[in-house]
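*Asks:* Just to be clear, the model below is a prediction. Sequence and coordinates:
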Amino acid sequence: MSRVPGWLGRLGAGLNRMGRQWEERRAEAEREHTDAEHEAAGSPAYVPPPPGYAPAVAPRPDPAQAVPWGVRVAAEAGWRLLVLAGTLWVLMRVISAVQLVVLAFVAALLMTALLQPTVGRLRRLGVPRGLATALTALLGFVVMGLVGWFVTWQVMENIGNLSDQVQDGIDELRRWLLDSPFHVTDKQINDIAENLREAIGANTDQITSAGLEGVTVVVETLTGILLAVFSTLFLLHDGRRIWEWTLKLVPAAARPGVAGAGPRAWRTLTAYVRGTVIVALIDAIFIGLGIYFLDVPMAVPLAVFIFLFAFIPLVGAVISGALAVVVALVTQGVFTAVMTLAVVLAVQQIEGHILQPFILG
């Protein structure tokens with residue numbers, strides 16, 4: 001009777017051992033099967049949990065969350081600013097490469113803004129679009145051509161007297177410098193004249209190359225004028241269709257806003273050109289009358305230059321006024337130059353602080 005329990009115990013122990021081995025083999029088979037499924041799906045294989053004695057490791061935070069909010073905002077704004085700066089730089093390079101075309105098109109826009117209301121009036125009178133465009137363009141170009149011819153004629157008519165007056169003005173300026181409180185001596189004036197002659201003689205090659213560059217500038221100017229004329233004709237005749245085609249390049253979401261802003265911007269540009277013409281005409285008339293009564297030669301061509309330079313923002317009035325003062329200085333002397341400067345400054349101050357805000361406002 002004593003051997004039966006021992007046998008049963010050994011049998012039970014064997015069965016228990018076989019059960020554990022079976023469980024371990026089944027678990028290992030399940031892990032291999034799971035790893036194969038993960039590998040086929042492209043996901044990482046099963047990793048058993050660490051043993052109980054291993055230290056706990058805290059998970060690492062997301063790098064985007066670890067960066068402070070202010071630094072993230074600065075970085076987002078920084079790379080966008082870099083993209084905008086790069087885009088602006090590329091745009092400026094492209095414009096500089098085709099600056100003749102850009103300037104001609106800008107001039108065409110200004111001329112179109114000036115002439116387009118006349119085309120509109122002729123169209124409302126029943127004139128066909130082509131004929132209205134041709135009449136308006138012909139009238140505008142004839143007027144500009146007559147102005148250019150008149151300026152050239154005045155300059156050529158007065159060039160002989162101007163040279164004599166320049167020589168007399170230089171002699172008077174020399175006498176004024178000798179009698180001035182600046183203590184300028186005759187030797188110093190002669191040294192300055194000699195230095196100028198030497199500088200001109202030493203830089204003959206540069207002056208010659210500058211003259212050749214001047215010929216190139218004249219050719220480019222004529223080309224730009226032709227481009228501006230053709231662009232003006234197309235804008236006067238097909239301006240609306242060109243604008244509608246341009247709208248197709250705008251994204252669909254922004255197209256309604258651009259379509260509404262475009263005509264308003266064009267009306268503003270047209271009003272600006274009209275106001276600038278009126279202001280420039282007032283400047284030219286009053287400054288021209290002032291230098292005419294001061295007996296400055298070529299008063300009418302100078303007035304035309306003052307009118308044309310008024311369309312150049314910021315520096316146009318300064319350049320035209322300085323030209324009038326220089327002509328007065330070398331032809332009529334210091335006193336007339338000072339009076340011319342006073343006339344130019346007075347008219348430009350009245351124009352800048354009263355007329356321009358009132359007319360353009």
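*Replies:* On my side now, so go ahead.

*Asks:* Going by C-alpha atoms from here, please, whenever you check contacts or count neighbours.
*Replies:* OK.

*Asks:* For Tyr272, give me its contacts.
*Replies:* Under the criterion of C-alpha atoms under 8 Å, 6 or more residues apart in numbering, the contact list for Tyr272 reads Leu360.

*Asks:* where does the stretch 101-250 of the chain dip in pLDDT?
*Replies:* By pLDDT under 70, the low-scoring segments of the stretch 101-250 of the chain are 154-155, 158-215.

*Asks:* all helices of the stretch 151-300 of the chain, in order?
*Replies:* Assignment of helices within the stretch 151-300 of the chain using DSSP state H, counting those that start in this stretch yields the ranges 186-202, 204-247, 255-293, 299-309.

*Asks:* Return the most buried member of the ones you listed.
*Replies:* Between the helices of the stretch 151-300 of the chain, the one whose residues have the most neighbours on average, counting mean count of other C-alpha atoms under 10 Å, is helix 299-309 (a mean of 22).

*Asks:* what about dumping the CA coordinates of that helix to CSV?
*Replies:* As requested, the backbone C-alpha atoms of helix 299-309 are provided in CSV (Å, rounded to 0.1, in the frame of the first residue of the first chain):
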residue,chain,number,x,y,z
ALA,A,299,12.5,130.1,-69.6
VAL,A,300,10.0,128.2,-71.6
PRO,A,301,12.1,125.0,-72.1
LEU,A,302,12.9,125.1,-68.4
ALA,A,303,9.2,125.4,-67.6
VAL,A,304,8.5,122.4,-69.8
PHE,A,305,11.3,120.4,-68.0
ILE,A,306,9.7,121.4,-64.7
PHE,A,307,6.3,120.1,-65.9
LEU,A,308,7.8,116.8,-67.1
PHE,A,309,10.0,116.2,-64.0
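
*Asks:* Now do the residue nearest the centre of the chain, the pLDDT please.
*Replies:* Within the chain, one residue has its C-alpha closest to the average C-alpha position: by C-alpha atoms, centre = their mean, that is Met92, at 7.3 Å. Turning to Met92, the model gives it a pLDDT of 90.

*Asks:* that older thread, which stretch among the helices of the stretch 151-300 of the chain approaches Val344 most closely?
*Replies:* Relative to Val344, the nearest member of the helices of the stretch 151-300 of the chain by C-alpha to C-alpha is helix 255-293, separated by 6.1 Å.

*Asks:* avg pLDDT for that closest one?
*Replies:* If you average the pLDDT values across helix 255-293, you get 86.

*Asks:* That one relative to helix 299-309, how many degrees between them?
*Replies:* Following axes from the mean of the first three to the mean of the last three C-alpha atoms, to 10 degrees, one obtains 160 degrees for the angle between helix 255-293 and helix 299-309.

*Asks:* Return the angle between stretch directions for helix 255-293 and helix 204-247.
*Replies:* Using the same axes, to 10 degrees: helix 255-293 against helix 204-247 is 140 degrees.

*Asks:* How far away from the center of its chain is helix 255-293?
*Replies:* 20 Å (C-alpha atoms, centre = their mean, to the nearest Å).

*Asks:* And for stretch 82-93?
*Replies:* In terms of C-alpha atoms, centre = their mean, the gap separating the centre of stretch 82-93 from the centre of its chain is 12 Å.

*Asks:* then that stretch to CSV, C-alphas only?
*Replies:* These are the backbone C-alpha positions of stretch 82-93, laid out as CSV (Å, rounded to 0.1, in the frame of the first residue of the first chain):
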residue,chain,number,x,y,z
LEU,A,82,13.3,84.1,-45.3
VAL,A,83,11.1,82.7,-48.1
LEU,A,84,9.5,86.2,-48.6
ALA,A,85,13.0,87.8,-48.7
GLY,A,86,14.2,85.3,-51.2
THR,A,87,11.1,85.7,-53.4
LEU,A,88,11.6,89.5,-53.3
TRP,A,89,15.2,89.2,-54.2
VAL,A,90,14.4,87.0,-57.2
LEU,A,91,11.7,89.4,-58.3
MET,A,92,14.0,92.3,-58.1
ARG,A,93,16.7,90.5,-60.1
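
*Asks:* which residues make contact with it from outside it?
*Replies:* Applying C-alpha under 8 Å, 6+ apart, stretch 82-93 has no contact partners.

*Asks:* do that again at 10 Å, thanks
*Replies:* Defining contact as C-alpha atoms under 10 Å, 6 or more residues apart in numbering, one finds that stretch 82-93 is touched by Gly78, Trp79, Arg80, Leu81, Val94, Ile95, Ser96, Ala97, Val98, Gln99.

*Asks:* follow-up on the earlier one: let me know the secondary structure of the residue nearest to the centre of the chain.
*Replies:* On the three-state scheme (DSSP: H, G, I helix; E, B strand; the rest coil), Met92 is labelled helix.

*Asks:* hang on, isn't Ser320 packed against Ile306?
*Replies:* Yes. Using C-alpha atoms under 10 Å as the test, Ser320 is close enough to Ile306 to be in contact (5.1 Å).

*Asks:* Spell out which residues are contacts of both of the two.
*Replies:* By the contact definition C-alpha under 10 Å, 6+ apart, Ser320 and Ile306 are jointly contacted by Ala284.

*Asks:* Quick one: mean pLDDT for stretch 319-336?
*Replies:* Stretch 319-336 comes out at a mean pLDDT of 80.

*Asks:* and that stretch, which residues are buried?
*Replies:* If you call a residue buried by 16 or more other C-alpha atoms under 10 Å, then stretch 319-336 has these buried ones: 319-322, 324-334, 336.
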